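Build the 3D model from these lines:
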Amino acid sequence: KIYRLSTLFLAVTITDGIRFIFVGLLPSIAILHRMAGLSTGNGKMAVFMLAEALMVLTAESVGLCVVGALRYSRAISQRLISVIMVTSMVTSGFYGGLSKLPRHMRQVVGIFNFLEIGYVAQAVNEFEGNEYSCTNETAARCFSSGTQVLESLGYEDDSKWVELGKLVAMMFILRVLSVLLFSTFSKAKRLPL
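Sure, this is the predicted structure:
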């Protein structure tokens, strides 16, 4: 029996997502999280791992949408996905953040930058409620609380749960859009891979 595209897409999404998260992503993050010296108490490691998994699954959803929209041009799809990922990485906060972009681009990029959303969730998760001690040598450049760190990053009003909710919504919307794109073009002539 041949299954409908939406049923097959849902099954593959669930099985591949579970396999990817539990076999590949979570064990490596668990090791790297401790090696980097990040906070492990109060479920912080679990939230960090959840944010990381959601960023990866959202990136996969972006790729599926691009391939669904441009499914007959593999070269264009690959180039567009590369541009999207590099732009997301550069503006997410890891390298420079949105403050480096012109004002008119900040709003557009900020709404769709799933890596920045995940980075904000991870930063709030890591620093929220923490207290630090400063020595006389480091007092000039030392933060005494996680709140000060978040203020310096501009994330003092952000919530890790809201940011994680944004990632889940973005992933869901992109997956539904992917199914619609693939089903719309499924009747068209297919080119050989």
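
in this structure, which helix or strand is least confident?
helix 103-112 (a mean of 66; mean pLDDT, DSSP states H and E).

Which helix or strand lies directly C-terminal to that one?
Where DSSP states H and E defines the elements, the next helix or strand beyond helix 103-112 is helix 114-127.

Setting aside sequence neighbours, what's the nearest residue to the one residue sitting closest to the centre of the chain?
Nearest to the geometric centre of the chain sits M55, at 2.3 Å (Cα atoms, centre = their mean). Spatial nearest neighbour of M55, excluding adjacent residues (Cβ to Cβ, 6 or more residues apart in numbering): G118 at 3.8 Å. Where C-beta positions appear, they are placed from N, C-alpha and C, glycine not excepted.

check contacts around that neighbour.
51-52, 54-55, 58, 92, 163, 167 (Cβ atoms under 8 Å, 6 or more residues apart in numbering).

same thing but at 10 Å, please
48, 50-56, 58-59, 88, 92-93, 163-164, 166-167 (Cβ atoms under 10 Å, 6 or more residues apart in numbering).

what does C142 give?
Residues near C142 by Cβ under 10 Å, 6+ apart: 132-136, 148.

what's the lowest-pLDDT member of those?
The member of the contacts of C142 with the lowest pLDDT is N136, at 69.

which SS class is L38?
coil (DSSP: H, G, I helix; E, B strand; the rest coil).

what does the model give it for pLDDT?
79.

neighbours around it, how many?
When counting by other Cβ atoms under 10 Å, one arrives at 14 neighbours for L38.

go on, the one 3 residues further on?
If you count neighbours by other Cβ under 10 Å, G41 ends up with 7.

do the same with T7
10.

Okay, helices next: where are they in the chain?
Using DSSP state H, the helices found in the chain span residues 5-19, 26-35, 44-69, 74-91, 103-112, 114-127, 146-153, 160-185.
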